[in-house]
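# sequence first, then the predicted structure:
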Amino acid sequence: MSTIHGPILRMALSHPTQTAIIDDQRHWKYIELVGGAYHLAERLSSISESKHVGILLPTGGAFPMATLACWILGRVPVPINYLLSADERQYIVDDSGVDTVITAGQMLDFLGEAPTGVRLLKLDELKFEGLPPLRWPARTASSDDLATILYTSGTSGRPKGVMLTHRNLRSNVEGAVIHAGIRQADTFLGVLPQFHSFGLTALTLLPLAVGCKVVFTARFVPRKIVQLIRKHRPGIFLAIPSMYNALMTVKDIKPEDFKSLRFAISGGEPLPRSVADRFEKTTGVHILEGYGLTETSPIATWATPQDFRDGAVGKPIPGVDLRVIDEQGHTLSADQEGEVLIKGPNIMAGYYKMPDLTAEVIDDDGWFRTGDWGMIDSEGFLHITGRKKEMLIIGGENVFPREIEEVLNRHKSIKDSAVIGRMDESRGELPVAFVELNDGVDVLDETDVRAFCRKALAGYKVPKEINVLDALPRNPTGKIMRRQLKA
């Protein structure tokens, strides 16, 4: 079967009573997950005519059940980011053309308002009784059929709908399984939102397709995550850097708590070296980075316990090719910095209803321009320097915020930082820093911070302004919203 959901359906037939999911509400066996999807598909088919179906649910077993229901019907699920504003959620509903949104009463209570102009199919109002209608045939789909539309977080302008096919998702899952040696006995744990590509592919589709058990929790509460690790002894934990940082606020954690972890995976944003070093010192676990974008399904590279380098985001998974180019489009050799390009069966079909924008980022040979600056070292490891559009030009020199942020984050008073540029007539741009302070630090000694930076940075890279914030603005996946800082 060429679809992404084929392996999950087969798991329900071959291992029906095996635990698939444990979430905040219940345990799901594979047959319950798939059986519920068939029940839901029958109900959905009676009220929805649109090819696209919205899904507005928290992280848990209901999300993959709703997604499977759409695929059984040959429909395209459109996950909706519930942490966006009501206006942004409505834009996704209107732009995608969904006529029905699968949701739950508690989710609508949390949001305070529902999208308009659509039918709401509330899971908590449905009765899943009797044998599921498994006799009801799933419609066939091909590898190149659209599997989902994932809307980007909208950090610059309106969200863009990224169209991913069954081939995109299935190739990404299969490549990652081979690359990392994922096995059916593995248990996954995570709190990543499933409307995001990292949460959908790596935390949901990958373990379910292999037949693993996956433990979900809908809200990130550091103490609860540690308790879940102690209880379920997962081998694979997926999180973003800020979550790893927050876990270290749990006062009674000890290395024994994390001994089961074979993979502690970080993605979604660059991992500060200070966070990685502190986490390893506290828990004994080395955090492994991966890299990818929604447009790449998302996994492009992944560091493994057997093959990693500090500061690198791993090597490409099978089927994925990388190259780095200069401003003129010439391919650069090892250890030279330029824009990172990716090619493979994981590259999106395009942006929904945006052919011109699609053509700007995918060339005629299928190479996707990431907009990220980086290099491939002599051993084949990818290093990401920063976003091309975030690069500062100071006195004619290219400077990436991440280099300055790594130094700031090592200062004893600073928890996290973000650096942007401010236009300057004489220097072109000047670096301006925004920082969060560590617990117990009330006042920042800017003179000390600048002296600290001068020990590691050239003088022109030392921030000319340092602004203290209670919290840096972040999107739902933890990325810092630089556009808000510039505003």
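Cool, got the structure. Residues are numbered from 1 along each chain as shown.

# from here on, just use CA atoms for contacts and neighbour counts.
Will do.

# let me know how buried the closest residue to Ile325 other than its chain neighbours is, in neighbour terms.
Of all residues not flanking Ile325 in the chain, Thr331 sits nearest, at 4.4 Å (CA to CA, 6 or more residues apart in numbering). For Thr331, the neighbour count with other CA atoms under 10 Å is 16.

# one more: Leu111?
Leu111 has 14 neighbours, counted by other CA under 10 Å.

# repeat that for the one 10 residues further on.
With neighbours defined by other CA under 10 Å, the count for Leu121 comes to 21.

# try Glu88
Counted by other CA under 10 Å, the residues lying close to Glu88 total 18.

# for stretch 449-460, which outside residues touch it?
Applying CA atoms under 8 Å, 6 or more residues apart in numbering, the contact partners of stretch 449-460 are Ile394, Ile404, Val407, Leu408, His411, Val462, Pro463.

# out of those residues, which is nearest to Ala349?
Ile404 (35.9 Å; CA to CA).

# and the helices in the stretch 301-450 of the chain?
355-361, 401-408, 446-454 (DSSP state H, counting those that start in this stretch).

# and for the stretch 1-150 of the chain?
Per DSSP H, counting those that start in this stretch, the stretch 1-150 of the chain carries helices over the ranges 6-14, 30-47, 62-72, 86-96, 105-111.

# let's have the ones you listed in JSON lines, adding distance to Phe195.
Shown next, in JSON lines, are the helices of the stretch 1-150 of the chain (distance: least, CA to CA, whole Å):
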{"stretch": "helix 6-14", "distance to Phe195": "19"}
{"stretch": "helix 30-47", "distance to Phe195": "18"}
{"stretch": "helix 62-72", "distance to Phe195": "9"}
{"stretch": "helix 86-96", "distance to Phe195": "12"}
{"stretch": "helix 105-111", "distance to Phe195": "14"}
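
# just those: most buried one?
Stretch with highest mean neighbour count among those: helix 62-72 (a mean of 25; mean count of other CA atoms under 10 Å).

# avg pLDDT for it?
For helix 62-72, mean pLDDT rounds to 97.

# what helices and strands are in contact with that helix?
If contacts are counted by 3 or more CA pairs under 8 Å, 6 or more residues apart in numbering; DSSP states H and E, helix 62-72 sits against helix 30-47, strand 52-55, strand 76-79.

# change it to 6 Å
Packing contacts for helix 62-72, counted by 3 or more CA pairs under 6 Å, 6 or more residues apart in numbering; DSSP states H and E, involve helix 30-47.

# show me the shaky parts of the stretch 351-487 of the chain.
Under the criterion pLDDT under 70, the flagged ranges of the stretch 351-487 of the chain are 425-426, 476-477.

# now with 80, please.
Applying pLDDT under 80 to the stretch 351-487 of the chain flags residues 395-398, 424-428, 475-479, 487.

# re earlier: quick one: which of the helices of the stretch 1-150 of the chain is nearest Gly199?
With CA to CA as the yardstick, what comes closest out of the helices of the stretch 1-150 of the chain is helix 62-72 (11.0 Å).

# that closest one vs helix 6-14, what angle?
Angle, helix 62-72 to helix 6-14, by axes from the mean of the first three to the mean of the last three CA atoms, to 10 degrees: 100 degrees.

# so helix 62-72 versus helix 30-47, what angle?
Using the same axes, to 10 degrees: helix 62-72 against helix 30-47 is 60 degrees.

# deepest-packed of the helices of the stretch 301-450 of the chain, please.
helix 401-408 (a mean of 21).

# report the angle between that helix and helix 446-454.
Going by the same axes, to 10 degrees, helix 401-408 makes 120 degrees with helix 446-454.

# follow-up on the earlier one: could I get the helices of the stretch 301-450 of the chain as a markdown table with distance to Lys479?
Formatted as a markdown table, the helices of the stretch 301-450 of the chain follow (distance: least, CA to CA, whole Å):
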| stretch | distance to Lys479 |
| --- | --- |
| helix 355-361 | 22 |
| helix 401-408 | 13 |
| helix 446-454 | 24 |
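
# which element is Ser171 on?
Using DSSP states H and E, Ser171 sits in helix 166-180.

# list the backbone torsions phi and psi for the residue positioned nearest the centre of the chain.
Nearest to the mean C-alpha position of the chain, by CA atoms, centre = their mean, lies Phe198 at 3.1 Å. Main-chain torsions, Phe198, degrees, to the nearest 10: phi -60, psi -50.
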